[in-house]
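>>> With the input below, show me the fold.
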Amino acid sequence: MRKAICQYSFHRTYEKKKWTPDRFAAQVAALGIEGIDFHVRYLDDPETAAGQISRAVQDHGLVLAGLSMSNDLNKENDVAFQDEIKSVKRWIAVAAQVQAPVSRIFGGHLEQRHRNDRVLTDFARQRITDGLEQLAAEAEKLSVVLGLENHGGLPCLAQQQIEVIRKVNSPCLKATIDVGNYMEGGQEGHVATELVAEHAVYVHFKDFRKIPCNENPWGWKPQACVLGEGDVDHAACLIALEQAGYGGFVALEYEAEEDELLAVPRSVQYMNQFL
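I've put the predicted structure just below:
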């Protein structure tokens, strides 16, 4: 398995200090990590993004680990839904241009009103499936691999992730395993990773602490923290991936409130113990 850093790990610093893709690449290289993951939210428009990515990767001697989409397919309005599809397709074309080994993609955000209404939940599930089918078909045309992440609500749990992937049934739609995000639904990261590992094409390493919370039936809620300072069993996650034959990138995605320029290096030190 190979190490990478997601652009989102520096998202506050990126915006505050007005970083460029080149500046982000320099930071990744300085940390001794070979893989870099760019996020479309922090790139210029698709017409210029491929050049920015290619130059940054080449100039700093890095390897492109992935191009992360920033989408939400749970759009009730038909026009908004089609606009979202068009936008992601433009970025899939960029992924093809830069030969990204995987493009992380989301299903959709599940709001509380959806969770409390079976009709809305069923609509959201079908909307997301329809969207992923269209995007997977586009990905097949361009030989791009999409990695569906457990994020936003649909899917969140391992079983939901597997269900969507099997339903879409495309060789270009596999799984991005975010070992922390499963905790949003009360599922332990290593348990979920073992279930999804056979479908994995990308992995996000992050950490969450369990904070007592009576609102959730499992009794806690996750709080982002520095890698190694929370409750995710990263060693067990990696064992499950190794047993499934996964040999791709493991990308750090730091999300906590602590200063990214201090917390990301500490997270990298922790990741180095395993990889």
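>>> Just give the nearest non-adjacent residue to residue 175, would you?
Spatially, and ignoring its direct neighbours in sequence, residue 175 is nearest to residue 199 (4.1 Å; Cβ to Cβ, 6 or more residues apart in numbering). Just so you know, the C-beta spots here come from the backbone N, C-alpha and C atoms, and that holds for glycine as well.
>>> quick one, what contacts the one you found?
Residue 199 sits next to 161, 162, 165, 174, 175 when contact means Cβ atoms under 8 Å, 6 or more residues apart in numbering.
>>> Next: residue 256.
223, 224, 225, 226, 263.
>>> Ranking by neighbours, what's the top pick from the residues you listed?
residue 225 (22 neighbours; other Cβ atoms under 10 Å).
>>> Thought residue 155 was touching residue 125, still the case?
No. Counting by Cβ atoms under 8 Å, residue 125 stays clear of residue 155, with 9.3 Å between them.
>>> Show me where the stretch 151-275 of the chain has its helices.
158-168, 189-196, 234-243, 260-274 (DSSP state H, counting those that start in this stretch).
>>> Which among these is found nearest to residue 11?
Nearest of the helices of the stretch 151-275 of the chain to residue 11, taken as Cβ to Cβ: helix 260-274 at 7.9 Å.
>>> And the closest one, how far out from the chain middle?
What separates the centre of helix 260-274 from the centre of its chain is 18 Å, taken as Cα atoms, centre = their mean, to the nearest Å.
>>> which of the residues in that helix are buried?
Residues 260, 263, 264, 267, 268, 270, 271, 274 are the ones in helix 260-274 that count as buried (16 or more other Cβ atoms under 10 Å).
>>> and if you look at stretch 91-106?
In stretch 91-106, the ones that count as buried by 16+ other Cβ under 10 Å are 91-98, 100-106.
>>> do the same with stretch 11-21
Applying 16+ other Cβ under 10 Å to stretch 11-21 flags 11, 13, 14, 19, 21 as buried.
>>> Centre of the chain to it, how far?
So, by Cα atoms, centre = their mean, the centroid of stretch 11-21 is 19 Å from its chain's centroid.
>>> How about residues contacting that stretch?
By Cβ under 8 Å, 6+ apart, stretch 11-21 touches 7, 10, 23-24, 27, 38-39, 41-43, 52-53, 55-56, 260-261.
>>> ok now do residue 252, which residues does it touch?
With Cβ under 8 Å, 6+ apart, residue 252 has these contacts: 3-6, 9, 33, 204-206, 227, 264, 267-268, 271.
>>> How about residue 218?
residue 186.
>>> ok, now residue 220?
Here residue 220 is in contact with 186, 210, 211, 212, 213 (Cβ under 8 Å, 6+ apart).
>>> For it, name its beta-bridge partners.
residue 212 (DSSP bridges).
>>> and the gap between it and residue 149?
Look at residue 220 and residue 149: by Cβ to Cβ, to the nearest Å, they are 22 Å apart.
>>> Likewise for residue 67?
13 Å.
>>> Low-confidence ranges, the chain, go.
Applying pLDDT under 70 to the chain flags the ranges 112, 114-115.
>>> out of the buried residues of helix 260-274, who's nearest residue 237?
Nearest to residue 237 among the buried residues of helix 260-274, with distances taken as Cβ to Cβ, is residue 274, at 9.2 Å.
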